[in-house]
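**Student:** Give me a 3D structure for the following:
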Amino acid sequence: MPFRDRSDAGRKLAKRLRKYADCAGCVILGLPRGGVPVAYEVAHALHLPLDVFLVRKLGVPGHEELAMGAIASGGVKVLNDNVVRSLRISPEDIAKETAKQQEELERREREYREGRPALAVAGKTVILIDDGLATGASMKAAIIALRQRRARRILAAVPVASPRTCEAIGELADEIVCLETPEDFYSVGEWYQDFFQTTDQEARAMLAKTAAEQPVPAAGE
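**Tutor:** Numbering: from 1, shown residues only. The predicted structure follows:
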């Protein structure tokens, strides 16, 4: 296993991204929840502002661990057409799951920032970080949403990913960094010694600490 935990993965990822240290036009966005501790270590090492970018997986009814798509901040929805077709998922089921996840997305927007506005991304280089890529649905939705918000450049960065997904995300992003792309990839968690779920409280604490250390202009400023 190449990574002890998400913090270890973040420190290793930061070494690959060190050319962005102290970049005036760069921000780091972590995909909650697992991407936040990885992004926190990168932001700390590179002295860059940190925020979350909310994405929610759309789970297949009855098999919620399987993604049929994802939604992201800004009203973006991305569907995995192969999964939808092969499992014959109805438009009604998609709409029901979307409404459920939209409510949770909005709740987390309020909870994670604790009243702080979102970071500005228009005209910025955005380093978008998660703890790994399996299907890539969440990362894909986030990239599309950030394009709509006029990010100047998007770099997707993860500690581990399936080779196929890393390649696919690389076609959407301006740059991609995948530290490990094992051919025998089955899940993100198998490449971590400690892959315990990150809690909302832990994610909030990391965001609050970074915001206190590095106050930055909010969106629209």
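
**Student:** Look at the residue lying farthest from the centre of the chain and tell me its secondary structure.
**Tutor:** Each residue of the chain has a distance to the centre, and by Cα atoms, centre = their mean the biggest one is for R88: 27.9 Å. Following DSSP: H, G, I helix; E, B strand; the rest coil, we place R88 in the coil state.

**Student:** State the pLDDT value of it.
**Tutor:** If you check R88, the pLDDT there is 94.

**Student:** Check the one 3 residues further on too.
**Tutor:** With respect to pLDDT, P91 scores 95.

**Student:** just the helices in the chain please.
**Tutor:** For the chain, applying DSSP state H gives helices covering 6-16, 35-46, 81-86, 91-113, 137-148, 163-172, 200-213.

**Student:** can I get those helices in TSV with mean neighbour count and distance to K124?
**Tutor:** Where C-beta positions appear, they are placed from N, C-alpha and C, glycine not excepted. Converted to TSV, the helices of the chain look like this (neighbours: other Cβ atoms under 10 Å; distance: least, Cβ to Cβ, whole Å):
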stretch	mean neighbour count	distance to K124
helix 6-16	20	19
helix 35-46	25	14
helix 81-86	12	31
helix 91-113	14	18
helix 137-148	23	9
helix 163-172	16	17
helix 200-213	16	16
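
**Student:** Can you say which of those helices is nearest to H63?
**Tutor:** helix 81-86 (9.9 Å; Cβ to Cβ).

**Student:** which strand is the longest one in the chain?
**Tutor:** In the chain, with assignment by DSSP state E, the single longest strand is strand 63-72.

**Student:** Okay, angle between it and helix 137-148 too, please.
**Tutor:** Angle between the axes of strand 63-72 and helix 137-148 is 10 degrees (criterion: axes from the mean of the first three to the mean of the last three Cα atoms, to 10 degrees).
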